[in-house]
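1. Structure for this input, please:
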Amino acid sequence: MNAGESGAVLKRERVRDHILQLIETLRPGDAIPSERALCATLKVSRPTLRAAVDELVAAGLLVREHGRGMFVAPEKITQELVSESHGMILPQASGTWSSRLLEFATITAGARVGRKLRLSPAAGIVYAARLRLVDGAPMAIEHLHIPADLVPALTARELETGDLYEHLRERHRVQVSEATQTIEPTVVSQAEARLLGVPELSPALLFERHTSDTHGRPVEYVHSIYRGDRYRIVSRLSLNAAATPAPPAAATPGWHPV
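-> I've put the predicted structure just below:
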């Protein structure tokens with residue numbers, strides 16, 4: 001990197017820090033000064049300012065409205081991870097969660113899903129696609145796969161109302177016990193963008209979860225796309241090995257209400 005490139009990066013970082021300080025003093029929906037005013041205050045060019053603002057818009061911290069200006073974005077939905085002696089416990093994510101069913105069918109597992117659920121490719125599974133909303137706003141698209149013989153009477157209503165794991169336990173005698181989940185950065189496709197109300201190729205988080213019951217049987221494979229501008233994960237770790245761990249809080253074995 002030459003001196004000119006280095007100077008541009010430092011200027012953009014200075015602009016970014018200034019706007020972040022502004023955001024910390026404001027509330028969601030509040031306007032920030034215009035581009036012209038910020039350029040004059042910070043003594044930077046319009047392209048330098050816009051590059052910093054673009055980063056903050058992509059990160060979900062600012063919202064740009066054509067003809068109106070720039071505003072502090074809504075607060076992100078936070079999922080906290082808390083360490084305890086046997087792994088992570090998961091308090092409920094913030095906000096009021098609900099679901100809208102997009103697809104619901106019994107299909108054959110196929111080779112890939114069959115491997116994940118330890119089923120024959122010809123075995124039946126219940127497949128459901130759900131749009132997950134928080135306080136009425138689209139947050140994620142979730143694709144669920146459950147062995148059909150475990151939930152022969154699963155209904156669309158169960159997938160749209162209440163906690164799915166509670167329905168599995170109380171109505172289908174399936175007691176979920178453990179889950180392994182991975183998270184990777186990705187971008188949304190055109191179809192996903194329409195459902196989530198974001199531009200195509202917006203940043204997103206790809207979640208994959210494998211859930212087993214108290215007998216070690218796979219009971220669920222889920223992959224989900226979460227809005228990168230509205231969803232975040234916070235880890236709270238206990239680093240004092242000598243400390244006595246606190247009793248684990250009750251938590252659904254997933255990242256959010258299901």
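
2. tally of neighbours for A31?
-> If you count neighbours by other C-beta atoms under 10 Å, A31 ends up with 12. Bear in mind the C-beta positions are built from the backbone N, C-alpha and C, glycine included.

3. Name the residues of stretch 120-133 that are buried.
-> Neighbour counts over stretch 120-133 (16 or more other C-beta atoms under 10 Å) mark A123, I125, V126, Y127, A128, A129, R130, L131, R132, L133 as buried.

4. Also stretch 219-235?
-> Applying 16+ other C-beta under 10 Å to stretch 219-235 flags 219-232 as buried.

5. Pipe the residues you listed into JSON lines and attach distance to A31, secondary structure and pLDDT per row.
-> Putting the buried residues of stretch 219-235 into JSON lines (distance: C-beta to C-beta, whole Å; DSSP: H, G, I helix; E, B strand; the rest coil; pLDDT from 0 to 100) gives the following:
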{"residue": "V219", "distance to A31": "48", "secondary structure": "strand", "pLDDT": "97"}
{"residue": "E220", "distance to A31": "44", "secondary structure": "strand", "pLDDT": "97"}
{"residue": "Y221", "distance to A31": "44", "secondary structure": "strand", "pLDDT": "95"}
{"residue": "V222", "distance to A31": "39", "secondary structure": "strand", "pLDDT": "95"}
{"residue": "H223", "distance to A31": "38", "secondary structure": "strand", "pLDDT": "94"}
{"residue": "S224", "distance to A31": "33", "secondary structure": "strand", "pLDDT": "94"}
{"residue": "I225", "distance to A31": "30", "secondary structure": "strand", "pLDDT": "93"}
{"residue": "Y226", "distance to A31": "28", "secondary structure": "strand", "pLDDT": "94"}
{"residue": "R227", "distance to A31": "23", "secondary structure": "strand", "pLDDT": "93"}
{"residue": "G228", "distance to A31": "24", "secondary structure": "coil", "pLDDT": "90"}
{"residue": "D229", "distance to A31": "18", "secondary structure": "coil", "pLDDT": "89"}
{"residue": "R230", "distance to A31": "20", "secondary structure": "coil", "pLDDT": "89"}
{"residue": "Y231", "distance to A31": "24", "secondary structure": "strand", "pLDDT": "89"}
{"residue": "R232", "distance to A31": "23", "secondary structure": "strand", "pLDDT": "85"}
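
6. All set now, cheers.
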